[in-house]
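**Q** fold the following.
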Amino acid sequence: MKKLLFVLLLCTFPVLSWAGCVYGDDPRMESDVRGLIKSIQSGQETSPIRMTLGTYLGMSPKTRAAFGELITITSKACNPVSVFDGEVIGRVTIPFEEYYRTLSRAIRKDRRDIFVGLKKNARVAPMSVEAYVDLFGKLPFLRTGGLKVRNRMKQLFPDAGKLKPEEDWLEDPTIHGRMEDYTMARLYYIWGGSIVLNKGCGPYELPKQFVSKVSQKDMFGTLRVRVVVQKYKPSMMMRVMGSDIDFYSRSEVAKFKIKGCTP
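**A** Down below sits the predicted model:
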C-alpha cells in the first residue's frame with residue numbers, strides 16, 4: 001500500500017521540469033561521492049540526487065541504501081523517475097552506448113541484478129538517421145567488452161539474430177560485410193531503438209567513413225582520383241530498422257534518401 005501511494009503521487013505531481021531536464025550524473029557522484037553521502041546522512045543534503053540508470057545499477061546495495069529516497073534516475077526522454085525501497089519506479093530512456101556498456105559490466109561481473117534492472121527499466125533513445133548510420137559503422141566503439149561479451153549479449157537477446165541481414169546476402173565480406181558487423185544495430189532495435197527522420201525523406205549525408213578516394217591511372221597513364229562510396233553496409237543497417245535508402249550522389253559528399261518514404 002505504501003509503495004502504491006508513492007507511485008500515485010508521482011503520477012499526480014510529475015517532475016518533468018526537474019533540473020531543466022538534465023541528463024547525466026550529479027557532478028559530485030564523480031568528484032566527491034563520499035562527501036555527498038556524508039551530507040545526506042547528516043541531513044544537510046535533502047534535494048534529489050540525479051544519476052543515470054547505469055550508475056545506479058552499478059552501485060552496491062549498501063551504497064544505494066546510503067542515498068535513501070533522494071535518488072532520481074535521469075532520462076533522455078525528460079521523464080526522470082524515483083527510487084523507492086530500492087526499486088526504480090518507472091522506465092527511462094538512455095543512450096545506446098550506456099545500455100551496451102551497462103550490460104557489458106553485468107556480463108563481466110556476473111551481476112544478474114544489473115541485467116534484470118536494465119531490461120525492466122530502460123530502453124534505448126531514438127537516433128537521427130545520420131547518427132545511427134555513423135555509430136553502427138564504427139565497430140567496436142570503446143569499452144564494449146570485446147567479442148566474448150558481444151556473443152553473450154546475443155545469447156541473452158536471441159531475437160536479435162532473427163533480424164536482417166541473412167547469411168547468404170553477404171557474398172563478399174569486403175563489400176557486404178559480415179554478419180558480426182550488424183550485431184550492434186540489431187541489438188539497438190531489440191532494445192527499443194528507433195530512427196528519427198529529422199530531415200524527412202532526405203537528403204541525408206553519408207558519414208565520411210563510408211566515402212574514400214582511390215588513385216589510379218587511366219588507359220593513357222594519367223593519374224586520376226576516383227571517389228568510392230560504400231553503399232551496401234549503410235543500406236543494410238537501415239534495413240535492420242525496416243527501411244532502405246537510395247543513393248543519388250557519388251561525389252565527395254555522398255547523399256541518400258529514404259526509400260518509399262512519404263513526406
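**Q** residue 83 - that's part of a strand, no?
**A** Yes. Under DSSP: H, G, I helix; E, B strand; the rest coil, residue 83 falls within a strand.
**Q** surely it touches residue 69?
**A** Yes. Using Cβ atoms under 8 Å, residue 83 is in contact with residue 69, at 7.0 Å. For the C-beta atoms, the positions are set from N, CA and C on the backbone; glycine is no exception.
**Q** which one of the two is surrounded by more residues?
**A** residue 83 (19 against 11; other Cβ atoms under 10 Å).
**Q** just give the number of residues close to the residue lying closest to that one once chain neighbours are set aside.
**A** Counting by Cβ to Cβ, 6 or more residues apart in numbering, residue 71 is the residue found nearest to residue 83 once chain neighbours are left out, at 4.3 Å. By the criterion of other Cβ under 10 Å, residue 71 has 21 neighbours.
**Q** so where is the stretch 151-263 of the chain shaky, pLDDT-wise?
**A** Counting by pLDDT under 70, the ranges of the stretch 151-263 of the chain that qualify are 249-251.
**Q** contacts only, for the residue nearest the centre of the chain.
**A** The chain has residue 96 as the residue nearest its centroid, 0.8 Å off, counting by Cα atoms, centre = their mean. Contacts here follow Cβ atoms under 8 Å, 6 or more residues apart in numbering; on that basis residue 96 touches 124-125, 127, 135, 184, 188, 191, 193.
**Q** possible to save these as TSV with secondary structure and distance to residue 114?
**A** Listed next are those as TSV, based on DSSP: H, G, I helix; E, B strand; the rest coil; distance: Cβ to Cβ, whole Å:
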residue	secondary structure	distance to residue 114
124	strand	16
125	coil	19
127	strand	24
135	helix	23
184	helix	19
188	helix	19
191	coil	15
193	coil	20
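**Q** neighbour count and distance to residue 28 for those - can I get that in TSV?
**A** TSV is the format used below for the contacts of residue 96 (neighbours: other Cβ atoms under 10 Å; distance: Cβ to Cβ, whole Å):
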residue	neighbour count	distance to residue 28
124	22	27
125	21	25
127	21	30
135	19	30
184	23	32
188	24	32
191	20	30
193	20	31
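**Q** just send these back as TSV, with distance to residue 111 too.
**A** Putting these into TSV (distance: Cβ to Cβ, whole Å) gives the following:
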residue	distance to residue 111
124	20
125	23
127	27
135	26
184	21
188	22
191	18
193	23
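**Q** quick one: mean pLDDT for the helix of greatest length in the chain?
**A** Longest helix in the chain, counting residues (DSSP state H): helix 96-108. Averaged across helix 96-108, the pLDDT comes to 95.
**Q** as a check, name the ranges of all helices in the stretch 1-150 of the chain.
**A** 2-12, 28-31, 33-41, 53-58, 61-67, 96-108, 112-121, 129-135, 146-156 (DSSP state H, counting those that start in this stretch).
**Q** distance to residue 221 for these - can I get that in a markdown table?
**A** As requested, the helices of the stretch 1-150 of the chain are arranged in a markdown table below (distance: least, Cβ to Cβ, whole Å):
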| stretch | distance to residue 221 |
| --- | --- |
| helix 2-12 | 74 |
| helix 28-31 | 60 |
| helix 33-41 | 67 |
| helix 53-58 | 58 |
| helix 61-67 | 70 |
| helix 96-108 | 49 |
| helix 112-121 | 60 |
| helix 129-135 | 38 |
| helix 146-156 | 45 |
